[in-house]
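J.: Mind folding the following:
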Amino acid sequence: MGESAGRSEVFDRIAGQVLGFIQDHRLGPGDRLPSEREFALRLNVSRPALRESLATLEAMRVIARRPNAGIFVAGDGASPSFESMVLRGGLGLPLDPATVIQSLEVRNLLELQAVDLACERRTDENLAHLDAILASTRARLREGGSIIDLDEAFHLGVVAATGNPVFVQIVQAFYRLSKLRREVYFSDLGRCRRSHRQHTAILRAIAARDRAAAREAMHAHIHEGLLRSLVEQPGAVRGDASAP
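T.: Below is the predicted model:
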């Protein structure tokens with residue numbers, strides 16, 4: 001298990017280097033990439049590891065390999081896969097404005113459904129877990145630190161309260177996708193405090209099994225961050241800051 005995880009991290013890192021190369025050189029659809037041999041030398045990685053990472057990126061429709069022609073950035077007809085967007089986000093690479101807005105729209109739908117189900121299915125253990133996260137958040141805020149990890153833990157804890165592990169995995173992908181924006185968002189202590197207050201309201205509604213209040217609190221929590229960032233900081237949609 002540990003060896004498999006280690007291999008995955010290596011391939012993700014190499015894939016991230018390839019994505020970074022494409023971005024740094026401002027390559028677009030149809031542009032040619034270095035040969036496998038040259039790429040391995042540039043990135044200082046083994047050719048077998050590079051080959052496997054390129055195969056992953058090809059499956060994600062990020063690149064296209066043409067026999068006897070070379071490696072190219074995927075053309076206009078090939079839309080990036082969700083997996084490739086998650087990989088880019090997890091590696092801290094910026095996403096285009098449309099993807100930022102669309103991902104937040106889907107995340108909002110998912111988390112509204114999650115909090116609805118959490119009100120119906122939550123257990124005392126779920127409530128104790130969420131309460132412990134809020135206690136840790138209060139301690140972190142007293143120290144003046146970012147709560148980015150605790151924010152993610154709280155939201156995934158809400159999704160876990162649905163009793164559906166697949167749901168957790170899906171929502172977790174959106175948190176990888178929004179890593180860069182969330183780091184910026186939670187660098188502001190005022191936003192951290194506001195997020196904690198909103199989390200407290202969400203947990204209170206879940207504990208009371210008040211589905212209407214829980215949905216309202218979650219909707220306000222996600223949308224307040226997005227709308228504030230778009231109105232107050234137009235650069236937010238480019239990935240500089242966004243909803244929590």
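J.: what is the mean pLDDT for stretch 113-122?
T.: In this model, stretch 113-122 has an average pLDDT of 97.
J.: Can you mark which positions in that stretch are buried?
T.: Buried residues in stretch 113-122, counted by 16 or more other CB atoms under 10 Å: Gln113, Ala114, Val115, Asp116, Leu117, Ala118, Cys119, Arg122. All C-beta spots, glycine's among them, are computed from the backbone N, C-alpha and C.
J.: which ones are touching the second one?
T.: If a contact means CB atoms under 8 Å, 6 or more residues apart in numbering, then Ala114 has Val158, Val159, Ala161, Thr162, Phe167, Val171 as its contacts.
J.: Next up, the contacts around the second one.
T.: With contacts taken as CB under 8 Å, 6+ apart, Val159 has the following neighbours: Leu110, Glu111, Ala114, Ala118, Phe167, Val168, Val171.
J.: neighbours around the first one, how many?
T.: If I follow you right, that is Leu110. Residues lying near Leu110 (other CB atoms under 10 Å) number 15.
J.: List every C-alpha atom in the helix or strand hosting Leu150, with coordinates, as PDB.
T.: Using DSSP states H and E, Leu150 sits in helix 148-160. Taking C-alpha atoms only, helix 148-160 is exported to PDB below (Å, rounded to 0.1, in the frame of the first residue of the first chain):
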ATOM      1  CA  ILE A 148      -7.600  26.000   5.800                       C
ATOM      2  CA  ASP A 149      -7.100  22.400   6.900                       C
ATOM      3  CA  LEU A 150      -9.800  22.600   9.600                       C
ATOM      4  CA  ASP A 151     -12.200  24.100   7.100                       C
ATOM      5  CA  GLU A 152     -11.700  21.200   4.700                       C
ATOM      6  CA  ALA A 153     -12.000  18.800   7.700                       C
ATOM      7  CA  PHE A 154     -15.300  20.300   8.700                       C
ATOM      8  CA  HIS A 155     -16.900  20.200   5.300                       C
ATOM      9  CA  LEU A 156     -15.700  16.600   4.700                       C
ATOM     10  CA  GLY A 157     -17.100  15.800   8.100                       C
ATOM     11  CA  VAL A 158     -20.500  17.100   7.100                       C
ATOM     12  CA  VAL A 159     -20.300  15.000   4.000                       C
ATOM     13  CA  ALA A 160     -19.200  11.900   6.000                       C
END
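J.: domains of the protein?
T.: Domain segmentation of the chain under automatic domain parsing yields 2-84, 94-238.
J.: Any idea which of the ones you listed has the lowest pLDDT on average?
T.: Among the domains of the chain, domain 2-84 carries the lowest mean pLDDT, a mean of 82.
J.: is it true that His219 touches Leu112?
T.: Yes. Between His219 and Leu112 there is a contact under CB atoms under 8 Å: 6.2 Å.
J.: mind checking the SS state of the residue located most distally from the centre of the chain?
T.: Here the chain reaches farthest from its C-alpha mean at Asn68, the gap being 36.6 Å by CA atoms, centre = their mean. With DSSP: H, G, I helix; E, B strand; the rest coil as the basis, Asn68 sits in coil.
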